[in-house]
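> turn this into a structure:
(2 chains)
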Amino acid sequence: MINFVIKEDKSGQIIDQVKRVVTVITSVVLIVYIVVAAGVIGWMVWENSRAKKTTVDTSDVIKQIQDLSAKEIVIRNLADRANLVESFLGERGDSSQSAYLLGSPGNKIVSWNYVLGGAEVVSVAASQPAELKVYMDYLGEKYVQVRTEKVEWTPENGWKGIFDVTRKKGAT
Amino acid sequence: MNTGLNRFKISDWVWIFYPLIVVTFIIVSAGYLLGSGSTSIQVLLSKQQKTDDQQNQLSKLKLKLETLKSADTDQEGQKLTQLLVAMPPAKRVWYLLEAVNKSASDAGVLINQFNGNVGDVKEATASATVSGQITPTDQTQKTMSLNVEFAQMDFPSMTKIISELEGDLPLVKVKKVDFTLSKTTIDLEGGWGQLIKPSLDATLPLPNYIVISQRALQHIQGMSDLTTLN
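Numbers count the residues shown, from 1 in each chain, chains lettered A, B, ... in the order given. Purely as a prediction, here's the structure:
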């Protein structure tokens, strides 16, 4: 059976619909893009001006610091000299404290060999061996390591003890 | 057959140029904004990082400037003078000799001999080195040492001598003592240190000079200043 009803041409309507959709989407994309691009451009401008301002401020502060260079020389020399003094004091040990420690009980020290940073060898004269024992005990209280090198007796000089001591207690 | 062709009009299809132009515009402009030359995002991000770093540096510089402005040059200069007495800028062997003579005299002990290794005695201003130029070899060559032989003395006298030497300014280091009842030799080192020309790079931070100098001054407080003796 043949249909003689005239078929309606809908292609024009479809094209209009597509046109409307494409136009709307394009407009939305364009607006969003313009907003984003404006933001990016604004950020670029702000970033550039911030960089310029920072550079100018830095140069200005450096100039002011350079104007105060005389003060800076005094300050740096002061700090250098203070460090030098501290370093010298830190390295010089305490020979006098060692001498006080070794001689303080009233014992008769007959020889003492001291080397900065090294072991000390001390010889003490005594009338009895017991005095040497007391002195060694005393050294044990004051030094980390005490070693009896030698004990001597001669009719002319009597008793003599030679002790090797290392590192005072409490010293760093 | 000709019906469809007759109905096609160009004006009906002009709208298609709108999305085409927009897409082209977006591609071209975004390409320029994001990817080319000084406007590329990467360049801008690195620039932002550089500016942030520069601002951090600026904060430190401002702090340094404030410190410099608030520093009292007269007061710090006096402290420097005191510390220069403790560690003179040149080898002042005469003070070392005076320290030894004075301590021996106070202990009532005679000196048999001096033996010094003084080296070049340079004025610091002429030979000052720039910060960072001192090598370990320079450090070892710059000691001012003195070997002193004392005549007969007892241990308390010797203790008094080295105690006095350690309490003198300029500073003295007792490096070696060989004490016997017949004679005593003491190796000494006199403290000194060349002035170092400070590097005046404005971006270098200042040392914590107040604390450092205060600590050093406390350590030398009460010591006997030989430079003021006639």
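> burial measure for A:Gly93, as a count.
A:Gly93 has 20 neighbouring residues, counting by other C-beta atoms under 10 Å in any protein chain shown. Placement of C-beta: from N, CA and C, glycine included.
> same deal with the one 4 residues further on?
Close neighbours of A:Gln97, defined as other C-beta under 10 Å, add up to 15.
> name the SS class of it, please.
With DSSP: H, G, I helix; E, B strand; the rest coil as the basis, the three-state label of A:Gln97 is helix.
> wait, what's in contact with it?
A:Lys168 (C-beta atoms under 8 Å, 6 or more residues apart in numbering or on different chains).
> do you know the pLDDT at it?
Reported pLDDT at A:Gln97 in the predicted model: 89.
> how much space separates B:Gln54 from chain A?
Per C-beta to the nearest C-beta, to the nearest Å, B:Gln54 is found 5 Å from chain A.
> could you measure from that residue over to A:Ser59?
When distances are taken as C-beta to C-beta, to the nearest Å, B:Gln54 and A:Ser59 turn out to be 11 Å apart.
> so which elements touch the longest helix belonging to chain A?
The helix that spans the most residues within chain A, counting by DSSP state H, is helix A:11-67. Applying 3 or more C-beta pairs under 8 Å, 6 or more residues apart in numbering or on different chains; DSSP states H and E, one finds that helix A:11-67 contacts helix B:17-35, helix B:41-70.
> which stretch among these comes nearest A:Val21?
Of all the helices and strands packed on helix A:11-67, the one in closest proximity to A:Val21, counting by C-beta to C-beta, is helix B:17-35 (10.4 Å).
> what mean pLDDT does that closest one get?
Regarding helix B:17-35, the rounded mean pLDDT is 89.
> so where does A:Trp159 fall, helix or strand?
Here A:Trp159, judged by DSSP states H and E, is contained in strand A:158-168.
> partners of that strand, with directions?
Based on DSSP bridges, the pairing partners of strand A:158-168 within the sheet are strand A:120-126 (antiparallel), strand A:143-154 (antiparallel).
> of B:Gln54 and A:Ser59, which one has the most company?
For B:Gln54 versus A:Ser59, neighbours defined as other C-beta under 10 Å are more numerous around B:Gln54 (17 against 10).
> for the residue nearest to that one when sequence neighbours are not counted, report the pLDDT, please.
Spatial nearest neighbour of B:Gln54, chain neighbours left out: A:Thr54 (4.8 Å); criterion: C-beta to C-beta, 6 or more residues apart in numbering or on different chains. The confidence metric pLDDT takes the value 95 at A:Thr54.
> what secondary structure does the residue positioned nearest the centre of chain B sit in?
Using C-alpha atoms, centre = their mean, the residue of chain B that lies closest to the mean C-alpha position is B:Pro207, 6.8 Å off. For B:Pro207, the secondary structure call by three-state DSSP comes out as coil.
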